[in-house]
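# One predicted model, sequence on top.
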Amino acid sequence: MSAQLFEIIKKEIEAIIPRYPKKEAALLPALHVVQRKLGFIPPEGERLVAQLLEIKPVRVREVVTFYTMFTRKPLGKYLLQVCSNLSCSLAGGELILEYLKTKLGIKVGETTPDGRFTLLTVECLGACDQAPCLMVNDDLYGQLNKDKIDDLINKLD
Amino acid sequence: MNEKVLTRYFDIPHLYNIDVYLEKGGYEAVRKALKLKPEEIIEEVKKANLRGRGGAGFPAGLKWSFVPKVDKPKYLCVNADEGEPGTFKDRFIMSHNPHLLIEGIIITCYAVDIHLAFIYIRGEYEKIARRLESAIEEAKRKGFLGSDILGSGFNLEVVVHRGAGAYICGEETALLESLEGKRGHPRLKPPFPASVGLFQMPTVINNVETIANVPLIILNGADWFLNLGKPKDGGTRLFSVSGMVERPGVFELPVGTPLRKIIYEYAGGIKNGRKLKGVIPGGMSAPILLPEEIDVPMDCESVFNKGSMLGSAAIIVIDESVPIIEVLRKVTKFYSHESCGQCTPCRIGTSWINKIVERIASGKGGKGDIEEIERLALQIKGRTLCPLGDAAAMPILAIVNKYRHELEAMLPQ
């Protein structure tokens, strides 16, 4: 982490802390900041958060490893999360997942060698009316089929 | 009656902008409420029998009245964690009309003497969280939030807090732990959050849809609200309908609308004219209903009397083309993934059942597997700190009981 980036993250977290009656309540939002800026949460990110919130680094690790959205490993530029829950599966979600696996040449949990795509499955995204659906980073895409997947992947640089 | 009340203006473009919302009479309920006494508001909401829309169906006014009138900080946590599979109504409310939720928050906080409210929103709803934050900013600029709201002397701040992908944080005490910056491990109850909640202070926790109904009750009165629904269960519900229907979506209908009508009239019936196989009436945790069981009014009591629950009013429709083992696979995988790991019966039991189910699905099931699933599910039920254990056991037991022949046919004879 460059000194400049370190300062940016620190400032953002410091702005969040006063919203809460206790500093450590800012832990989840602080980790979101680190992950958004760095793409993942490295040990030095955990230490920075611990220092700012005045808690032990192990408390931070404990939380990072509990929540599925936090990652300690770098991910691809685009994180593809395919819903594998019931309503999406009823609408063909498993076929979408198989198609993506073949198209990208990776398994679930892997990143393409060029570092562009990481493929994951995810539990219900709360968009079952648009099943089958997936998220690309923070964007939701629904009513997917093979053509839509092709268009989507082509549009991502 | 098919009048929309909560979602009345949802078709209007940019309703999430405060100016558009104000044109439609927005924040009138706040103006009215701030002239009432807090206890009058609680009484009105109690009388309206507004039951919780998150899953448990607990009466909101009663919950508020449990908060002790003590001189220490109290908090409101709006549960926007919407993780119950099949449910997407809170997304619908927050993305179309964030100000309705904010209005409900202001009135609730005024009634219970709360000056800091949190909206705990699931991490995946990042864009909606940003929409909520800009709505809060707008409301502040217009004097509906902050200090001395509309000259009433009442102060309130609202903070949007994003979760990070854990179904368990929708359980109210896990939500509190998570908000405090910890793992989402449910707490032992009692004490209940109304007396010992966030940071050990009295705390009200209500679902998004519950809070969004409060302005309507204040504007139109408890009797009006009760007349929309059932005597013990007022108002309308936002039914999230998904699965194999022609028109999946959110339908706002009176509490007590028959399930059959929702599926066949509002959601357009089963896709491709196929036959119905089963319906999950209240989110994945709700025990499945057979086609002959769907003539049930969708209110908390009636669905409970059918051996299931209204839960989050998320209806998942399954047609005859789906092998029941596939449904069972999804249900058991979900709970084994989402068990927080704190209680042994749930942590071990859910993944053990999932393994057996996967074994049956791959054609390698053995004699006694179904009885083993039942035995394990009964070991989980009633033996965990929080409702997740029951939420896992109940739908599994219902599927095994109601589709036993189909499952048995997959095992060696």
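Arrived safely.

# In space, what's closest to the residue of the stretch 301-413 of chain B found nearest chain A - neighbours in sequence excluded?
At 4.4 Å from chain A, B:K330 is the closest residue in the stretch 301-413 of chain B, using Cβ to the nearest Cβ. To be clear about C-beta, it is placed using only N, CA and C from the backbone, and glycine gets the same treatment. Computed as Cβ to Cβ, 6 or more residues apart in numbering or on different chains, the closest residue to B:K330 that is not its neighbour in sequence is A:L86, at 4.4 Å.

# just B:I270 next, same as before
Leaving aside its sequence neighbours, B:I270 sits nearest to B:D319 (Cβ to Cβ, 6+ apart; 5.3 Å).

# Which residues are in contact with the one you found?
Contact analysis of B:D319 by Cβ atoms under 8 Å, 6 or more residues apart in numbering or on different chains lists B:243-244, B:270-271, B:274-277.

# Which parts of chain A are helices?
All helices of chain A, identified by DSSP state H, fall at A:3-16, A:27-38, A:43-53, A:57-64, A:86-90, A:93-104, A:146-155.

# show me what contacts the residue nearest the centre of chain A?
Centroid check for chain A by Cα atoms, centre = their mean gives A:M69 as the closest residue, at 5.0 Å. Contact analysis of A:M69 by Cβ under 8 Å, 6+ apart lists A:35, B:123-124, B:163-165.

# What is the neighbour count of residue 35?
Since no chain was named, I'll use chain A. 19 (other Cβ atoms under 10 Å in any protein chain shown).

# ah, I was thinking of chain B
By other Cβ under 10 Å, 9 other residues sit near B:K35.

# same thing with B:T87?
32.

# Please apply the same query to the one 10 residues further on.
By the other Cβ under 10 Å criterion, the neighbourhood of B:N97 contains 25 residues.

# Look at the nearest residue to it once chain neighbours are set aside and say how many residues are nearby.
Spatial nearest neighbour of B:N97, excluding adjacent residues (Cβ to Cβ, 6+ apart): B:L15 at 5.4 Å. Neighbour count for B:L15, taken as other Cβ under 10 Å: 21.

# Test my guess that B:L15 contacts B:G25.
No: the pair B:L15 / B:G25 is not scored as a contact, 11.8 Å apart, by Cβ atoms under 8 Å.

# Centre of the chain to the lengthiest helix in chain B, how far?
Counting by DSSP H, the longest helix found in chain B is helix B:344-361. In terms of Cα atoms, centre = their mean, to the nearest Å, the centre of helix B:344-361 is found 26 Å from the chain centre.

# when you scan that helix, is anything in it near chain A?
No: against chain A, helix B:344-361 shows no contacts by Cβ under 8 Å from any Cβ of the partner chain, the least distance being 12.6 Å.

# Can you point out the buried residues in that helix?
Going by neighbour count (16 or more other Cβ atoms under 10 Å in any protein chain shown), the buried part of helix B:344-361 is B:345-350, B:352-354, B:356-358, B:360.

# repeat for stretch B:210-224
Neighbour-count burial for stretch B:210-224 flags B:210-219, B:222 (criterion: 16+ other Cβ under 10 Å).

# how does chain A divide up, domain by domain?
A:3-66, A:78-155 (automatic domain parsing).

# Quick one: end-to-end length of the first one, please.
What that stands for is domain A:3-66. The first residue of domain A:3-66 is 29 Å away from its last residue (Cα to Cα, to the nearest Å).

# same thing with stretch B:236-256?
Start and end residues of stretch B:236-256 are separated by 8 Å (Cα to Cα).

# Average pLDDT for that stretch, rounded please.
Mean pLDDT, computed over stretch B:236-256, is 97.

# quick one: the residue nearest to the centre of chain A from B:K140, how far?
Using Cβ to Cβ, to the nearest Å, A:M69 is found at 28 Å from B:K140.

# try B:P68
Distance of B:P68 to B:K140, given as Cβ to Cβ: 29 Å.

# Give me the neighbour count for the closest residue to A:R47 other than its chain neighbours.
Of all residues not flanking A:R47 in the chain, A:P57 sits nearest, at 5.4 Å (Cβ to Cβ, 6+ apart). For A:P57, the neighbour count with other Cβ under 10 Å is 14.

# What of A:A91?
Going by other Cβ under 10 Å, the residues that sit close to A:A91 add up to 25.
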